[in-house]
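Engineer: Please find the sequence and the predicted model below.
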Amino acid sequence: MVATSTDGLFEAGTVSSYDRKSEMKAFDDSKAGVQGLVENGVTKVPPMFCCEQSSLNDGSPSESCSKISIPIIDLTGIHDDPILRSDVVGKVRYASEKWGFFQVINHGIPTHVLDEMIKGTCKFHQQDANVRKEYYTRDFSRKVSYLSNYTLYEDPYADWRDTLAFSMAPHPPQFEEFPSVCRDIVIEYSKKTMVLGYALFELLSESLGLNRFHLKEMGCAEGLLQLCHYYPPCPEPQLTMGNKQHSDGNVMTILLQDQMGGLQVLHDNQWINVPPLHGALVVNIGDLLQCST
């Protein structure tokens, strides 16, 4: 049974015999994700999504940090001007050492491509549930997959989030495997992201005092996993989170934010807001890159 506006069984705190495993399995078996709950008119956040108040408070930035933000790096001229490139390498070094995050602008991916990528993601998640269900799977060997919460059965609470995932490199999906509603933009965006990824790995290599192609020759730039997260409207946002506190194991993450914002990063034991900057991309130095260097 999946929670809807009439499912009093799943209303938080109302049932002493609450069976979490059964609720998770029913939710997963529906193959409709969090968006399916919204489409069914849910008015209460089901208990499986509710997190402790302390977890919610942990992500609140202090007043002193409200005006601090991650570095913004302009990539203009990095391929043509040695002086500009040297300056950018220094900024990448500082941002990587002190933050582990930075935003890039003038990165070579047109703004209209970024906007269409967000629209394409929304189109997939907002289409008929029966169409979405064709892609729902927990078989992570599939190159195209749709699901809600990768670690649904392990986490203490589920995030209010659905995900469409594409394993784009080194071996991309077949053309017919892509959802038609977003196929063209996903392919275009991934090609441009790979080009930017190569450039960033070169800058990171140089910032470490290494040969420009060091990280690429290590194989860091060979893979591309494209995760298209979607956060449906929540009836009780004070009870749950779209994305819990975590660190990314990937070598490097390039994050495209919509204009709603919500991203925070931990810096000097303080949570810092990262307001979305239209046309910018957020770069996250992942755990594996930190270990490999």
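Structural biologist: Perfect, I can see it now. Numbering: from 1, shown residues only.

Engineer: mind showing which ranges of the stretch 1-150 of the chain have poor pLDDT?
Structural biologist: The model of the stretch 1-150 of the chain has pLDDT under 70 over residues 1-17, 53-66.

Engineer: got the residue ranges for the helices in it?
Structural biologist: Counting by DSSP state H, counting those that start in this stretch, one finds helices in the stretch 1-150 of the chain at the ranges 20-30, 33-39, 53-58, 82-98, 111-126, 129-133.

Engineer: As JSON lines, those helices with distance to N269 and mean neighbour count would be great.
Structural biologist: All C-beta atoms are positioned from the backbone trio N, CA, C, and that covers glycine. As requested, these are arranged in JSON lines below (distance: least, Cβ to Cβ, whole Å; neighbours: other Cβ atoms under 10 Å):
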{"stretch": "helix 20-30", "distance to N269": "32", "mean neighbour count": "16"}
{"stretch": "helix 33-39", "distance to N269": "31", "mean neighbour count": "22"}
{"stretch": "helix 53-58", "distance to N269": "11", "mean neighbour count": "12"}
{"stretch": "helix 82-98", "distance to N269": "14", "mean neighbour count": "16"}
{"stretch": "helix 111-126", "distance to N269": "32", "mean neighbour count": "17"}
{"stretch": "helix 129-133", "distance to N269": "40", "mean neighbour count": "15"}
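
Engineer: who wins for proximity to D184 among these?
Structural biologist: Smallest distance to D184 across the helices of the stretch 1-150 of the chain (Cβ to Cβ): 8.1 Å, for helix 111-126.

Engineer: Would you mind putting the helices of the stretch 1-150 of the chain into JSON lines with distance to P46 alongside?
Structural biologist: Below are the helices of the stretch 1-150 of the chain laid out as JSON lines (distance: least, Cβ to Cβ, whole Å):
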{"stretch": "helix 20-30", "distance to P46": "6"}
{"stretch": "helix 33-39", "distance to P46": "7"}
{"stretch": "helix 53-58", "distance to P46": "17"}
{"stretch": "helix 82-98", "distance to P46": "39"}
{"stretch": "helix 111-126", "distance to P46": "19"}
{"stretch": "helix 129-133", "distance to P46": "17"}
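
Engineer: Mind checking these for the one nearest to C220?
Structural biologist: Taking those one by one with Cβ to Cβ, helix 82-98 is closest: 13.8 Å.

Engineer: pLDDT weak spots in the stretch 151-293 of the chain?
Structural biologist: Flagging of the stretch 151-293 of the chain using pLDDT under 70 yields the residue ranges 246, 249, 287-293.

Engineer: the helices in it, which residues?
Structural biologist: Under the criterion DSSP H, counting those that start in this stretch, the stretch 151-293 of the chain contains helices at 183-207, 214-217, 287-292.

Engineer: any idea how far the second one is from the chain center?
Structural biologist: The chain centre lies 25 Å from the centre of helix 214-217; the measure is Cα atoms, centre = their mean, to the nearest Å.

Engineer: tell me which strands and helices it is in contact with?
Structural biologist: Other helices and strands packing on helix 214-217, by 3 or more Cβ pairs under 8 Å, 6 or more residues apart in numbering; DSSP states H and E, are helix 183-207.

Engineer: in the helix it packs on, what's buried?
Structural biologist: Using 16 or more other Cβ atoms under 10 Å as the test for burial, helix 183-207 gives 183, 185-186, 188-190, 192-194, 196-197, 199-207.

Engineer: ok, what's across the strand from I105?
Structural biologist: Note on I105: beta-bridge partners by DSSP bridges are D74.

Engineer: From H214, how far off is it?
Structural biologist: To H214, I105 is 25 Å away according to Cβ to Cβ, to the nearest Å.

Engineer: cool, L277 as well?
Structural biologist: For L277, the distance to H214 - Cβ to Cβ - is 30 Å.

Engineer: and what of G197?
Structural biologist: From G197 over to H214 the distance is 15 Å, taken as Cβ to Cβ.

Engineer: do L152 as well
Structural biologist: Distance from L152 to H214, by Cβ to Cβ: 38 Å.

Engineer: of the helices of the stretch 1-150 of the chain, which approaches Q259 most closely?
Structural biologist: helix 111-126 (8.7 Å).

Engineer: Quick one: the strands in the stretch 151-293 of the chain, in order.
Structural biologist: 162-169, 224-230, 252-255, 264-267, 270-273, 281-285 (DSSP state E, counting those that start in this stretch).

Engineer: who wins for proximity to L84 among those?
Structural biologist: Here strand 281-285 is closest among the strands of the stretch 151-293 of the chain (Cβ to Cβ), at 18.2 Å.
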